[in-house]
Each structure stands twice: as C-alpha cells, then as structure tokens.
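Show me the folded form of this:
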Amino acid sequence: EQERKDTGQKKKILLLEQEKKDLEAARKEWEARAEAKRVSDAAREEAQTAAEEAAARQAERQQQLDLKEHRKKELAARKTAVDLKIKEIEAKKKAEVARKLE
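Numbering: from 1, shown residues only. Model prediction:
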C-alpha cells in the first residue's frame, strides 16, 4: 500500500516538475516574443523618424529652390523695369534733341 502511495506521489511530483518546465519554457518564449516586438517597434520608430527627417530635409531643399527661383524672377523683373526706364530716358533725350533742332 505504501509503495503504491509512494509511486503515486512520485508520479505527481514528476507531473508537477514537467508542468514547471513547460511553464518556464512558455515564459521564456513569451519574453523572447516581447523582446522581438520591442526591437521591431524600435526599428519601425527609427525608420519612421528617418523618413520624417528625410522628408523635412527635402521640403527645406524645395523651399530653398523655390525661394531662389522667386529671387531670380524678381531680379529679372527689376532688370526689365530698369531697361524700360533707360529706354524711356533715351526716348525723352531724343525727343528733346529733336525739339531743339526744330
């Protein structure tokens, strides 16, 4: 009878030990998955940040190009205005000379 109880207790102990091992394995697997997710999230966040920074740099470059183009157009308009003013002054001089010759 005692031998049967001992055998039963040994089986219970073995089952409990196996359950403990299974739970330890499950915990380790869960921790590994949690770490993998953390690493993945960090990599995703880093990639997102890099993409946002690249987009910001591109937008800044485009803004600088737009500003440069605007300045070029502004200078061209001023040059045209100056050229027209010079032509106007020359025409007035010619008209003055022509009037004096009359």
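
any chance you could map the helices in the protein?
Counting by DSSP state H, one finds helices in the chain at the ranges 2-101.

how close does the residue nearest to the spatial centre of the chain get to residue 76?
Centroid-nearest residue in the chain, with C-alpha atoms, centre = their mean: residue 52, separated by 1.3 Å. As judged by C-beta to C-beta, to the nearest Å, residue 52 and residue 76 stand 36 Å apart. (C-beta placed from N, C-alpha, C; glycine too.)

burial count for residue 36?
For residue 36, the neighbour count with other C-beta atoms under 10 Å is 10.

er, residue 25 actually
Neighbourhood size, residue 25 [other C-beta under 10 Å]: 10.

Let me know how buried residue 57 is, in neighbour terms.
Using other C-beta under 10 Å, the number of residues around residue 57 comes to 10.

I misspoke; the intended subject was residue 63.
10.

Ok, residue 46 next?
Residues within reach of residue 46, counting by other C-beta under 10 Å, total 10.

Next one: it from residue 28, what distance?
27 Å.

before we move on, what about residue 53?
37 Å.

same check, this time on residue 16
As judged by C-beta to C-beta, residue 16 and residue 28 stand 19 Å apart.

Repeat that for residue 44.
24 Å.

Could you do residue 84 as well?
83 Å.

How many neighbouring residues does residue 42 have?
A count of nearby residues for residue 42, using other C-beta under 10 Å, gives 10.

if I look at it, how far off is residue 48?
Distance, residue 42 to residue 48, using C-beta to C-beta: 11 Å.

same question, residue 87
Look at residue 87 and residue 48: by C-beta to C-beta, they are 58 Å apart.

Also residue 21?
For residue 21, the distance to residue 48 equals 40 Å [C-beta to C-beta].

tell me the average confidence for stretch 88-102?
Here stretch 88-102 scores 93 as its mean pLDDT.

For the remainder of this discussion, apply numbering that starts at 25.
New numbering, starting at 25: the last item is stretch 112-126.

Please compute how far it lies from its chain's middle.
Centre-to-centre, stretch 112-126 and its host chain are 64 Å apart (C-alpha atoms, centre = their mean, to the nearest Å).
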